[in-house]
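K.L.:
generate a structure from the sequence data that follows.
(chains A and B)
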Protein chains: 2
Amino acid sequence: MDKRHFTLLTDLYELTMMQGYHEIKDANRTVVFDAFYRVNPHGNGFAIAAGLDQVIEYVKGLTFNEEDIEYLRSTHIFNDAFVDSLRDFRFTGDIYAIPEGSVVFPREPLVKVIAPIMQAQLMETAILNIINHQSLIATKTARIVHAAQGDGIMEFGLRRAQGPDAGTYGARAAMIGGCVGTSNVLTGQLFDVPVKGTHAHSWIMSFPDELTAFRNYAKMYPNACILLVDTYDTLESGVPNAIQVFREMREQGIPLKGYGIRLDSGDLAYLSKKARKMLDAAGFPDAIISASNDLDEYLINSLKMQGAAITSWGVGTNLITSKDCPSFGGVYKLAGVRDDETGEWMPKIKLSENTEKVTNPGNKTVQRIYDKFTGKIVADLICFADETFPDTEPLTLFDPQETWKKTRLAPGTYTTREMLVPVFKNGECIYESPKVMDIREYCKREQETLWDESRRLVNPQEVHVDLSKKLWECKRDLLAEFHKE
Amino acid sequence: MDKRHFTLLTDLYELTMMQGYHEIKDANRTVVFDAFYRVNPHGNGFAIAAGLDQVIEYVKGLTFNEEDIEYLRSTHIFNDAFVDSLRDFRFTGDIYAIPEGSVVFPREPLVKVIAPIMQAQLMETAILNIINHQSLIATKTARIVHAAQGDGIMEFGLRRAQGPDAGTYGARAAMIGGCVGTSNVLTGQLFDVPVKGTHAHSWIMSFPDELTAFRNYAKMYPNACILLVDTYDTLESGVPNAIQVFREMREQGIPLKGYGIRLDSGDLAYLSKKARKMLDAAGFPDAIISASNDLDEYLINSLKMQGAAITSWGVGTNLITSKDCPSFGGVYKLAGVRDDETGEWMPKIKLSENTEKVTNPGNKTVQRIYDKFTGKIVADLICFADETFPDTEPLTLFDPQETWKKTRLAPGTYTTREMLVPVFKNGECIYESPKVMDIREYCKREQETLWDESRRLVNPQEVHVDLSKKLWECKRDLLAEFHKE
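P.N.:
Model prediction:
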């Protein structure tokens, strides 16, 4: 597969700042940046982390080639010393991340970069672009899959995706989020995931009549004969012709398996129930009824409630563009500067009039607290990277905004898990991404660690994300310092 | 630049249908497909066609390499004869398209493919993916640029785009739609368009204080010194420190040009007016005030009405994801099959219970009718490709739905222009795409051919898209034929 060269996939200001840090040597100190988001998309109770594998590829390929260097020189924004120095650029830092397919919550670092600021700054835009996109689509998909109550969801959105990558990596994220397959053949090739699809209206229209088109399709694909029945008239023409073809297959002794019809327009509740009756009456009770046409989690939920006889769903535009919320809102913020002599972290904070937008300072990690008996998530704890929480001791959790809200966990009732894992160490990748279908399985198990109340589509119960006492005190002191000035 | 290999960027069903057309030789006849859309996005009065250059690259690169062939074989969906035949696949047909940057309207073919159905079918998904994405972003941008009433709009959305391509080709489309620059350096490199950007909050936070950060930035970039003033407190700290730095520059005899401040949070109307007064009072009346933070056409319009003192706008998420309408809805429909003996076209129609969804049959083109005196668009006429409308004759236009609505144009009062131009002929590309900045200029002129009433953001006047008499009669007859059956 082509390796993409994404070094210049960055905002110009990352490069203008880089030149600054290059010029002012003292300024190019080791720093820590966190990539996190503030609000769950779609009003969901959680998000699904995705995109790490592409971030890894990006970081591995982060070198300036001669074309890049000449292009930057041609802008007349940069001086020669800086531009020439880019020939030797490579990433030498550490990256930690929450594995793909994990359920995650607002304000938690999903990716943490520790590196000289020149390097860490350059990477901001591409890391956010990749993580924001794939986490968005994985989260949207998880909602749609949840609404389908066990029915298979197929990703059909490539033609409406925002460009080739949105279609291809979007389909990757959709598989992580729980789809059973995608129509996108390139995604199938790149990531070894199932590809799905049958035929379009144009197949029907290119034959003299619908029955001839169906017969020809059935002859070619007897093992997965799903016939699109709405080109002319679903109940008057499409379904009767499909039944005729299934009868002929049976008469010819062809074993009928994975066969059925697809509805792509009209009132899917009404048409599916009518079609179900017609197929059953004709002796095809196991014929599949699949449906597509502008579906999303709300429509699928509504069709399920109406008793629609659909068991397989193709979802396109609304999934692949995450239509009701087409951006994830992840940000990448400086959290600390290291004193390279002592190795001590000086925590940094970004103020805002909006309390929610004040960042969490320091070199941090995320500890997930599980109920020992149910395995469900009790809360996530954002803390400094060197803090430990032995489960032999009681643990007090408290709300970072409303600090009087406290929960005390007795020893032996909880387990902890550090969510951020090392991905790069001194510039070397030390992490191997699982296969997409394995991430998909993991993601399914991850969602089972949530209480049902946090999984519902509307007004889900929020999962607590608390700060450790030490982190909370550090933040309070930094805020007080600013207010003193 | 890397050539992308996009042959498998397609829905699986295109390939299953291809195998069908390959097996049933008679079925692989020359056909015509139209790519068109049905409804203007965002409630706009028009759309901007974009993406053709990437469609051309895609078609030029349309070959199956050994990896593709082995991958398809490994799916066990296809037979060896078909898979092996793909080694010889290349596009041999004709493509016509409306040039990028043109204003276009619903139901008009933007791209028309005439080729053996095996080829024309394969290309559906990628053509739609590319055209849908770029036309969407160009159209959204045109709205934002219109709202800014001549102020410059910068595209700042890469980090929130739906993957690398959405950021990169989205920025290309944004330039076509009228942006003055983009933050995306890769887009600058690929398409020779201006790149823009200064520094982030992290620049400020990485120095001991804001003033030191500003001074260091000014030293490095004296010619384009735009200082971000909202890291700590816009009016108490940011603007006074910026003024201090501008004073120091003046005292040092550094010519102040293209300098100013950027606001990225808070009440932009209030803050910009206050900052304007402070800058003016300090003797910097030409300091630029630029703004960003979740802007779109409605917010910019509202800020303009409130008298905000902003003259330069950075727009990110809402532009690059086209947030209020993140998909374009273009479709690709079979319109005719050619009798390869006689060369005659047999028109094809797709029925639907929704009249708007019934397709226009036959091998068509679009004639744009301009008022000879004002140069403004009177109407577009969808007609058969071989129809001519000499402007020495009177021309009758009539509404395809409400046929009693007629307009008669006298000879000498109108001019016509065929919108679809040849792009590929017998598989060879015969069209050279203009440079992006030239497309941008053309797009600006194109929008000037619209009446003001069709350009407004809310409830614009619809531009008439009519059918020729001959096409309308053909459609009527085909519909009657189906209803007889």
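K.L.:
name the SS class of A:Val378, please.
P.N.:
Assigned with DSSP: H, G, I helix; E, B strand; the rest coil, A:Val378 falls in the strand class.
K.L.:
same deal with A:Leu479?
P.N.:
Applying three-state DSSP: A:Leu479 is helix.
K.L.:
that one reaches A:Pro347, doesn't it?
P.N.:
No: with contact defined as Cβ atoms under 8 Å, A:Leu479 does not reach A:Pro347; the gap is 11.4 Å. In short, each C-beta sits where N, CA and C put it, glycine included.
K.L.:
which one of the two is surrounded by more residues?
P.N.:
Of the pair A:Leu479 and A:Pro347, A:Pro347 is the one with more neighbours under other Cβ atoms under 10 Å in any protein chain shown, namely 20 against 15.
K.L.:
quick check, the more buried one in contact with A:Gly336.
P.N.:
Yes: taking Cβ under 8 Å as the definition, A:Pro347 is a contact partner of A:Gly336 at 5.0 Å.
K.L.:
which residues do those two both contact?
P.N.:
Shared contacts of A:Pro347 and A:Gly336, defined by Cβ atoms under 8 Å, 6 or more residues apart in numbering or on different chains, comprise A:361-362.
K.L.:
for chain B, what are the nearby residues on the stretch 251-400 of chain A?
P.N.:
A:265-266, A:317, A:321-323, A:326-330, A:332-334, A:337, A:348, A:350-353 (Cβ under 8 Å from any Cβ of the partner chain).
K.L.:
show me the helices in the stretch 151-300 of chain A, by range?
P.N.:
A:164-176, A:185-191, A:201-205, A:210-220, A:239-251, A:268-281, A:297-305 (DSSP state H, counting those that start in this stretch).
K.L.:
for the record, mean pLDDT for the fifth one?
P.N.:
Mean pLDDT, computed over helix A:239-251, is 98.
K.L.:
check the longest one too.
P.N.:
For helix A:268-281, the mean per-residue pLDDT is 98.
K.L.:
quick one: buried residues of it?
P.N.:
A:268-269, A:271-273, A:275-276, A:278-279 (16 or more other Cβ atoms under 10 Å in any protein chain shown).
K.L.:
report all helices and strands that that helix contacts.
P.N.:
helix A:239-251, strand A:260-263, strand A:288-291, helix A:297-305 (3 or more Cβ pairs under 8 Å, 6 or more residues apart in numbering or on different chains; DSSP states H and E).
K.L.:
settle this for me: A:Glu446 is touching A:Val104, isn't it.
P.N.:
No: with contact defined as Cβ under 8 Å, A:Glu446 and A:Val104 do not form a contacting pair (9.3 Å).
K.L.:
what do those two both touch?
P.N.:
The contact lists of A:Glu446 and A:Val104 share A:Ile48, where a contact means Cβ under 8 Å, 6+ apart.
K.L.:
and the two? which has more neighbours close in?
P.N.:
Taking neighbours as other Cβ under 10 Å, A:Glu446 and A:Val104 compare with A:Val104 leading, 26 against 20.
K.L.:
and the more buried one, what pLDDT?
P.N.:
Reported pLDDT at A:Val104 in the predicted model: 98.
K.L.:
picking that back up, ranking the helices and strands packed on helix A:268-281 by burial, who's on top?
P.N.:
strand A:260-263 (a mean of 25; mean count of other Cβ atoms under 10 Å in any protein chain shown).
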